[in-house]
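In: quick check, what structure comes out for this input:
(one chain, ligands or ions: 1)
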Amino acid sequence: MVVLARNGTAAELPKLAFLGPVGTYSHQAAHDAFSSMVEYHVRQTIADVFHSVDAALPLGLLPQENSIFGTVTETYDLLRSPEVGKTKFIRGAVTLSVRHCLLVRKGTRLEDIKTILSHEQALGQCRSFIEKHLPGAALVKMASTAAAAETVSRNSAADAAAICSKICAGLFSDLDILHEGIQNENDNFTRFYVMSNSPVAPLPVPLSEDCVGHGLIRIEVVRPPANSRPSVTCSPIMQLLEALQLPVSRIDRRPSTQPGRFESVYLVEVIDDDTACDMSSESDEVDWARRIQNAARRVREAGGLASILGTW
Ligand SMILES: O=C(O)C(=O)C[C@]1(C(=O)O)C=C[C@@H](O)C=C1
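Out: Below is the predicted model of the structure:
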């Protein structure tokens, strides 16, 4: 898509990849954040969104955490890839309120349902409803909530239901909303990371998640070789976290992709303890980026591996 730039010349909108089809929570979160300032590109899986981000398609939205079901493991597994911090960077976060519905083909009753389709996050967020009302139903993991709605809408069998957003009822044919607000808790939020191919290029819309600077650092413990002298020790993870000398707001652990038993990759989000709500100037941002670089250097000096995956 082409829009007019401020000087009247034609300018391309930056492209953003999101988990589709249209009607996912990812789509809603992307719209809330970027409205008409990006060109939207549908992808079928979270991994497809991740792999799409490059010079030709500079932005992607990745679900990161849900307030009921926790970490989106697919995203964290992708954040282990060496290209994150080199050619792909986390540049911001947006949060969406998530209210799940149970959608069926028109005419299907609760007692007819034998199968429930959805993204594993949505199935997890609605576990109490499922256990109470549909304890015998088979749960089928789909790539997204809207993909589940689309499948139920196309499926000729009337015994399937999808857990998804209400708006899917208007997007796919022949669907009824059987129940609304079926997540375990009324307040339910999913946070998404904005990924960019650039560590510094301004986003099409500045994101103000909160007033605090953030950084995401990947930390790995370096084990001494098996045949090394006993005097060679590794720095345990707590020692590496202390070396950061920055407030840590969350730590996620995933198994390492390197060979070895139970080796770990830690994805550590740090926050700026130094900025008030006016951290908007370029010099504040540069200063914060430098503090994160220094923190990563201290981790390396303490014997760990540290890569900065993004600052915002
Ligand atoms: O399937 C969708 O609609 C998505 O956007 C993915 C996703 C997730 O991965 O957490 C996003 C928000 C909800 O938590 C449920 C699913």
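In: list the buried residues of the lengthiest helix in the chain.
Out: Ranked by residue count and defined by DSSP state H, the top helix of the chain is helix 282-301. Going by neighbour count (16 or more other CB atoms under 10 Å), the buried part of helix 282-301 is 284-285, 288-289, 291-292, 295-296, 298-299. Using the backbone N, CA and C atoms, a C-beta is placed for each residue, glycine as well.
In: go on, stretch 90-99?
Out: Result for stretch 90-99 [16+ other CB under 10 Å]: buried residues 90-96, 98.
In: ok, stretch 136-146 next?
Out: For stretch 136-146, using 16+ other CB under 10 Å, the buried residues are 139, 142-146.
In: could you list which of these also contact the ligand?
Out: 144-146 (CB under 6 Å from any ligand atom).
In: closest to Q183 out of these?
Out: The closest of these to Q183 turns out to be T145 (CB to CB; 11.6 Å).
In: a markdown table for the buried residues of helix 282-301, including distance to the ligand and pLDDT?
Out: Output for those, formatted as a markdown table (distance: CB to the nearest ligand atom, whole Å; pLDDT from 0 to 100):
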| residue | distance to the ligand | pLDDT |
| --- | --- | --- |
| D284 | 31 | 83 |
| E285 | 28 | 84 |
| W288 | 28 | 94 |
| A289 | 29 | 95 |
| R291 | 31 | 97 |
| I292 | 27 | 97 |
| A295 | 29 | 98 |
| A296 | 28 | 98 |
| R298 | 33 | 98 |
| V299 | 29 | 97 |
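In: what's the farthest-apart pair in these?
Out: D284 and V299 (23.1 Å).
In: among the buried residues of stretch 136-146, which lie within strands?
Out: Among those, DSSP state E puts L139 in strands.
In: picking that back up, residues making contact with the longest helix of the chain?
Out: 213, 215, 217, 219, 240, 243-246, 270, 272, 274-275, 279, 305-308, 311 (CB atoms under 8 Å, 6 or more residues apart in numbering).
In: please save the CA atoms from it in CSV.
Out: Extracted in CSV, the C-alpha atoms of helix 282-301 (Å, rounded to 0.1, in the frame of the first residue of the first chain):
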residue,chain,number,x,y,z
GLU,A,282,16.6,10.4,22.2
SER,A,283,19.4,11.0,24.7
ASP,A,284,17.5,9.0,27.4
GLU,A,285,17.1,6.1,24.9
VAL,A,286,20.8,6.2,24.0
ASP,A,287,21.7,6.3,27.7
TRP,A,288,19.4,3.3,28.5
ALA,A,289,20.8,1.3,25.5
ARG,A,290,24.3,2.0,26.8
ARG,A,291,23.4,0.8,30.3
ILE,A,292,22.0,-2.4,28.8
GLN,A,293,25.2,-2.9,26.8
ASN,A,294,27.3,-2.4,30.0
ALA,A,295,25.1,-4.9,31.8
ALA,A,296,25.6,-7.5,29.1
ARG,A,297,29.3,-6.9,29.2
ARG,A,298,29.4,-7.5,32.9
VAL,A,299,27.6,-10.8,32.4
ARG,A,300,30.3,-11.8,29.9
GLU,A,301,33.0,-10.8,32.3
